[in-house]
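[1] Sequence plus predicted model, see below.
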Amino acid sequence: MLGLIPLAIAAGEPGKEILQPMAVVMLAGLVSSTLLDLIYTPAFFWRWCGPVAKRLAKGGEVDFVAA
């Protein structure tokens, strides 16, 4: 990710007409996926699976319902 920063800020330099927009898109994708993985995934897990995880951590049993 750090290697894309020089390409992303190289706007207007000769020979970077294709590389600069591609680096910006790749860098934005890496940053957004990292933030989603660090924030959204744990929040989603604790919202929907938190009670089950707490019961399992205490050593209790969990009843699973087949769909």
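    Cool, got the structure. Numbering: from 1, shown residues only.

[2] what comes up buried for the strand or helix carrying W48?
    W48 belongs to helix 41-57 when assigned by DSSP states H and E. Of all the residues in helix 41-57, not one is buried under the rule 16 or more other CB atoms under 10 Å. (Each C-beta comes from the backbone N, C-alpha and C, glycine too.)

[3] how about that helix as CSV, C-alpha atoms only?
    In CSV, the C-alpha atoms belonging to helix 41-57 read as follows (Å, rounded to 0.1, in the frame of the first residue of the first chain):
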residue,chain,number,x,y,z
THR,A,41,-16.9,-6.8,10.5
PRO,A,42,-16.6,-6.8,14.4
ALA,A,43,-19.6,-4.5,14.8
PHE,A,44,-21.7,-6.7,12.5
PHE,A,45,-20.5,-9.8,14.4
TRP,A,46,-21.3,-8.4,17.9
ARG,A,47,-24.7,-7.1,16.7
TRP,A,48,-25.9,-10.4,15.3
CYS,A,49,-23.7,-13.1,17.0
GLY,A,50,-22.8,-11.3,20.3
PRO,A,51,-25.3,-13.2,22.6
VAL,A,52,-24.3,-16.5,21.2
ALA,A,53,-20.6,-15.8,21.5
LYS,A,54,-21.1,-14.7,25.2
ARG,A,55,-22.9,-17.9,26.0
LEU,A,56,-20.2,-20.0,24.3
ALA,A,57,-17.5,-18.1,26.2
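
[4] chain center to it, what's the gap?
    19 Å (CA atoms, centre = their mean, to the nearest Å).

[5] just stretch 49-59 next, same as before
    The chain centre lies 25 Å from the centre of stretch 49-59; the measure is CA atoms, centre = their mean.

[6] now swap in stretch 34-46 and tell me
    7 Å.

[7] Start and end of it, how far apart?
    18 Å (CA to CA, to the nearest Å).

[8] Report the mean confidence score over it.
    Taken as a whole, stretch 34-46 carries a mean pLDDT of 92.

[9] any idea how far Q20 is from the residue lying farthest from the centre of the chain?
    Distance from the C-alpha centroid of the chain peaks at P14, with 32.9 Å (CA atoms, centre = their mean). Shown here: P14 relative to Q20, a distance of 11 Å by CB to CB, to the nearest Å.
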